[in-house]
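Chemist: following is a predicted model, sequence given first.
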Amino acid sequence: TQLLEQSPQFLSIQEGENLTVYCNSSSVFSSLQWYRQEPGEGPVLLVTVVTGGEVKKLKRLTFQFGDARKDSSLHITAAQPGDTGLYLCAGADTGGFKTIFGAGTRLFVKA
Amino acid sequence: KAGVTQTPRYLIKTRGQQVTLSCSPISGHRSVSWYQQTPGQGLQFLFEYFSETQRNKGNFPGRFSGRQFSNSRSEMNVSTLELGDSALYLCASSLGERHTQYFGPGTRLTVL
């Protein structure tokens, strides 16, 4: 069974701090997505990474896909209260038929 | 392009009743997946439809069923509702296998 483990589960930081969220697996994924979800809403796609070693930047967010395509990280620079939410990573298995979701990292940024 | 839409957004039912939720995917997307999200269990995969055929199914009882129409719109049905079925039900669409999923806003179901 493929699993995606996210860490940490909860994170409460002050505005302006930096943070990194990790998504790890023992399985190889053909692609990996990061989503952000606000209470009562559906997850919103932030990025898709496909190539091992790939790094993508989205303003203050930096996403990295591991060389072996088994893990990924999300780094936020100078966090803002608007970054508060549940961050989910999701991996498409190499067969492509299923998407596996991590349990999520709940981030709270205090002003 | 319009995003994934789900109706209704909120629903309150009582135990034993049944409910039907609807999902309209992004135009051109033929794959629709359904998920149940609860605080304790996170996102749990229910099933996935592609071109009107169920391609994958999660570990949910037979009370949970779905279908997809020729226009790719999908419905999910839950019969004999239980208190534990209270959750946010999310629908996601994609072009197909190996393609990124895009989520709708969800239907919040409360079972009393």
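Modeler: All right, it came through fine. Residues are numbered from 1 along each chain as shown, chains lettered A, B, ... in the order given.
Chemist: flag every residue of chain B that's near chain A.
Modeler: B:4, B:6, B:33, B:35, B:42-43, B:45, B:48, B:55-56, B:88, B:90, B:92, B:97-98, B:100-106, B:108 (C-beta under 8 Å from any C-beta of the partner chain). For the C-beta atoms, the positions are set from N, CA and C on the backbone; glycine is no exception.
Chemist: output the contacting helices and strands for the helix-or-strand element of chain A with minimal mean pLDDT.
Modeler: When each helix and strand of chain A is scored by mean pLDDT, DSSP states H and E, strand A:99-101 comes last, with a mean of 85. Strand A:99-101 sits against strand A:85-93, strand B:42-50, with contacts defined as 3 or more C-beta pairs under 8 Å, 6 or more residues apart in numbering or on different chains; DSSP states H and E.
Chemist: again, only using 10 Å
Modeler: Strand A:99-101 sits against strand A:29-37, strand A:85-93, strand B:31-38, strand B:42-50, with contacts defined as 3 or more C-beta pairs under 10 Å, 6 or more residues apart in numbering or on different chains; DSSP states H and E.
Chemist: so which of these is nearest residue A:56?
Modeler: strand A:29-37 (9.3 Å; C-beta to C-beta).
Chemist: tell me where chain A has helices.
Modeler: With DSSP state H as the definition, chain A shows no helices.
Chemist: low-scoring stretches of it, by residue?
Modeler: A:1-2, A:94-97 (pLDDT under 70).
Chemist: close to chain B: what parts of it are there?
Modeler: Within chain A, the positions near chain B by C-beta under 10 Å from any C-beta of the partner chain are A:6, A:30-33, A:35, A:37, A:39-45, A:47-48, A:50, A:86, A:88, A:90, A:92-104.
Chemist: distance of residue B:69 from residue B:46?
Modeler: Using C-beta to C-beta, to the nearest Å, we find residue B:69 at a distance of 17 Å from residue B:46.
Chemist: same check on residue B:6?
Modeler: Separation of residue B:6 from residue B:46 (C-beta to C-beta): 13 Å.
Chemist: residues shared between the contacts of those two?
Modeler: B:34, B:76, B:89, B:90, B:91 (C-beta atoms under 10 Å, 6 or more residues apart in numbering or on different chains).
Chemist: for the last one, which non-adjacent residue is closest in space?
Modeler: Okay, so that is residue B:91. The shortest distance from residue B:91 to any non-neighbouring residue, by C-beta to C-beta, 6 or more residues apart in numbering or on different chains, is to residue B:23 (3.5 Å).
Chemist: what's the burial count for that neighbour?
Modeler: 27 (other C-beta atoms under 10 Å in any protein chain shown).
Chemist: kindly report the same for residue A:82.
Modeler: Using other C-beta under 10 Å, residue A:82 has 8 other residues around it.
Chemist: go on, residue B:86?
Modeler: So residue B:86, with other C-beta under 10 Å, has 16 neighbours.
Chemist: residues in contact with it?
Modeler: Contacts for residue B:86 were tallied using C-beta under 10 Å, 6+ apart; they are B:12, B:13, B:36, B:38, B:108, B:109, B:110, B:111, B:112.
Chemist: phi first, then psi, for residue B:39.
Modeler: Backbone torsions of residue B:39, given as degrees, to the nearest 10, read phi -60, psi -40.
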